[in-house]
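1. here's a sequence, model it:
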Amino acid sequence: MTSDIQTQVQAEVDRLVDSGAERGLQVAVYRDGEQVVDAAAGVADPATGRPLTSETPIYCFSVCKAAASTLAHMLVERGVLSYETRVAEVWPEFGARGKGAVTVRQVLNHSAGVPQVPPDTTIEDLCDWDKICARIAGQELWWEPGTKVGYHAYTFGYILGEVIRRTTGKRISELLSEEIASPLGVSGELYFGMPASEHHRLAVLEDTPMAGPMPELPPDLPMFRAAPMSLMPTAALGNRADVLAADIPAGGKCSARAIARMYAALLGSVAGVRLIPESRLREATAVSTSGPDQVFGMDTRWGLGYSIGVLGMPEQDPPAAFGIGGVGGSFAGADRTRGLTFAVTKNRLAMDFSSATEIIGRL
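-> Numbering: from 1, shown residues only. Take a look at the predicted model:
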């Protein structure tokens, strides 16, 4: 890290926006609990020209899975849960159709074997907490829990969220506000369900124009069996008022500085707040599962709720970087070796992480 890192990153953010590669872009970096980069450029709403600032929340989809995971670790640390708690112990209905042995650990490391929502699930269903949880509880296993790994794109958040609700009596969005956002001073920048009165502050999402027709994919791919095409995260889905207001904790709304600040409070103290102790962090960020992803096919490595290894950063042995990205190309994470946490968030949804990779690789 150099003394002019703020200037360097801001210049890169400006370049990406000025070139047309991005519409609005935020970058935040913390080092040893202190923010060293706070960069933003572009517009939050092209229709009005409203600028995108460091305070603007963006629907970053799965980037906020890290916040759901962090809440689970905090509850484990307090003895409310353990990683070996069976989901069905606190949510008996979930044990239907052979799922009784699934543990909180297996949910966190994506080996639970329940990556799918029912094929007829609608967007309205996703916004109805009780309905979608009941439907997930009625699903059967795709594999024996703990024996394979596959990304639980939607079910991850609902299963963790319902376990949290049943053990604390609070919705996961309430707990996020009380335990992370408020103590860290980012209450207006980190949400699962976002009050309708705050939607005007959000960045408006847009899809990147396709260079050509989208290639046809076989309809029997596991990714389509896990969630129908109608639920694929797009700008249209992410701009819907009902989706923005609903608790869908496999994703969330955040600013770059809010989610990077949360990661900083995992690594150490931020303004006197540390979310979990070092011993808990080591367990949460050690490789827990790895292998070919049963839903998307790529090789994957998971800790307990965080992917292991970070795009744009060299591999380390043992791995010291962890984080998670979201559909559209936003990414947030941490490098324990350097005491560094970072987030790149944006409102133009891309098919890759090229902008995030370029920026993170410069840190």
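2. which residue ranges of the stretch 51-200 of the chain form helices?
-> 65-77, 87-90, 104-108, 123-126, 129-137, 155-168, 172-176 (DSSP state H, counting those that start in this stretch).
3. swap that for the stretch 251-363 of the chain, sorry
-> Using DSSP H, counting those that start in this stretch, helices in the stretch 251-363 of the chain cover 256-267, 278-284, 354-360.
4. could I get the helices of the stretch 51-200 of the chain in CSV, plus columns for distance to V27 and mean pLDDT?
-> (Each C-beta comes from the backbone N, C-alpha and C, glycine too.) Output for the helices of the stretch 51-200 of the chain, formatted as CSV (distance: least, CB to CB, whole Å; pLDDT from 0 to 100):
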stretch, distance to V27, mean pLDDT
helix 65-77, 17, 98
helix 87-90, 37, 98
helix 104-108, 28, 98
helix 123-126, 30, 98
helix 129-137, 33, 98
helix 155-168, 25, 98
helix 172-176, 23, 98
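5. so for G291, which of these sits nearest?
-> Closest to G291 of those is helix 104-108 (CB to CB; 14.0 Å).
6. among the helices of the stretch 251-363 of the chain, show me which one is buried the most.
-> Among the helices of the stretch 251-363 of the chain, ranked by average contacts under mean count of other CB atoms under 10 Å, first place goes to helix 256-267 (a mean of 28).
7. avg pLDDT for it?
-> Mean per-residue pLDDT for helix 256-267: 98.
8. could you check the angle it makes with helix 65-77?
-> Counting by axes from the mean of the first three to the mean of the last three CA atoms, to 10 degrees, helix 256-267 points 30 degrees away from the direction of helix 65-77.
9. starting at the chain centroid, how far to the helix or strand of the chain with the lowest mean pLDDT?
-> Across the helices and strands of the chain, mean pLDDT, DSSP states H and E gives its lowest value to helix 222-226, namely a mean of 88. Centre-to-centre, helix 222-226 and its host chain are 20 Å apart (CA atoms, centre = their mean, to the nearest Å).
10. same deal with stretch 220-239?
-> For stretch 220-239, the distance to the chain centre is 16 Å (CA atoms, centre = their mean).
11. then stretch 197-216?
-> With CA atoms, centre = their mean as the basis, stretch 197-216 stands 18 Å off its chain's centre.
12. re earlier: got the contact list for the least confident helix or strand of the chain?
-> With contacts defined as CB atoms under 8 Å, 6 or more residues apart in numbering, helix 222-226 is touched by 115-117, 119, 150, 153, 217, 294-297.
13. which one of these is nearest V186?
-> Using CB to CB, those come closest to V186 at A153, 25.3 Å.
14. for the closest one, what are its contacts?
-> 62, 115, 226-227, 250, 295.
15. of those, just the buried ones, PyMOL syntax please.
-> Command for PyMOL, covering only those of the contacts of A153 found buried under the criterion 16 or more other CB atoms under 10 Å:
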select buried, resi 62+115+226+227+250+295
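16. for the contacts of A153, give me JSON lines that also has distance to R78.
-> Putting those into JSON lines (distance: CB to CB, whole Å) gives the following:
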{"residue": "S62", "distance to R78": "26"}
{"residue": "P115", "distance to R78": "29"}
{"residue": "A226", "distance to R78": "32"}
{"residue": "A227", "distance to R78": "33"}
{"residue": "A250", "distance to R78": "24"}
{"residue": "V295", "distance to R78": "32"}
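17. and the contacts of A153, which is closest to L205?
-> Proximity of these to L205, judged by CB to CB, is greatest for S62, which lies at 14.2 Å.
18. touching, the closest one and P249? I think so.
-> No. Under the criterion of CB atoms under 8 Å, S62 makes no contact with P249, lying 10.2 Å away.
19. chain center to stretch 7-14: distance?
-> When C-alpha coordinates are averaged (CA atoms, centre = their mean), stretch 7-14 and its chain have centres 25 Å apart.
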